[in-house]
Structures are given as C-alpha cells and as structure tokens.
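Undergrad: sequence and computational prediction follow.
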Amino acid sequence: MDNDLWNRLTNEEIDEDNARRLRRKRNDAFRRKLIIEDMEKSRHRHLLYSVCAAMLAWTYAGIQYLR
C-alpha cells in the first residue's frame, strides 16, 4: 500500500471519528437541555400545585368561618 492511499484512509477514519465525537457532544448537550427544561416544568408545576392547595385551604377556612 502506498503512503498516499494509507494517509487518505487514515484521514477518512479520523474524520469519521471526529464527526462521531461531534454528534455525541451535540446529543449530550441537547439531552442536558431537555433535562433542564423538564426540571423547570416540574418546578413550575409544583409551585402551581402549592398555590392551588393554598387557595383551596383559604377558601375552605373562609367557608367554615362564615358558617
């Protein structure tokens, strides 16, 4: 095998490895972004549940007080 062909094959393998590494890095970043968004949605949901529970408690207490 001559050196030119060998270098070309090696460069193609290196390019494929770099592309694979770059794809993996992008996928990891996207996955992290999704996890962070899910955490924020979950936090907002729990906050909403807390506010609704407080409103129900105040309403129930108000009704009991007016009886």
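TA: The structure has been received and is ready for your questions. Residues are numbered from 1 along each chain as shown.

Undergrad: secondary structure element for residue 5?
TA: Take DSSP states H and E as the rule and residue 5 turns out to sit in helix 3-66.

Undergrad: now that helix: mean pLDDT?
TA: Averaged across helix 3-66, the pLDDT comes to 88.

Undergrad: roughly how far out does it sit from the chain middle?
TA: Centre-to-centre, helix 3-66 and its host chain are 1 Å apart (CA atoms, centre = their mean, to the nearest Å).

Undergrad: which elements pack onto that helix?
TA: Helices and strands touching helix 3-66, by 3 or more CB pairs under 8 Å, 6 or more residues apart in numbering; DSSP states H and E: there are none. All C-beta atoms are positioned from the backbone trio N, CA, C, and that covers glycine.

Undergrad: from residue 25, how far off is the residue nearest the centre of the chain?
TA: Geometric centre of the chain, nearest residue: residue 34, 1.8 Å, by CA atoms, centre = their mean. Using CB to CB, to the nearest Å, one obtains 15 Å as the distance from residue 34 to residue 25.

Undergrad: again with residue 36
TA: The spacing between residue 36 and residue 25, counted by CB to CB, is 17 Å.

Undergrad: repeat that for residue 50.
TA: Taking CB to CB, one finds residue 50 at 38 Å from residue 25.
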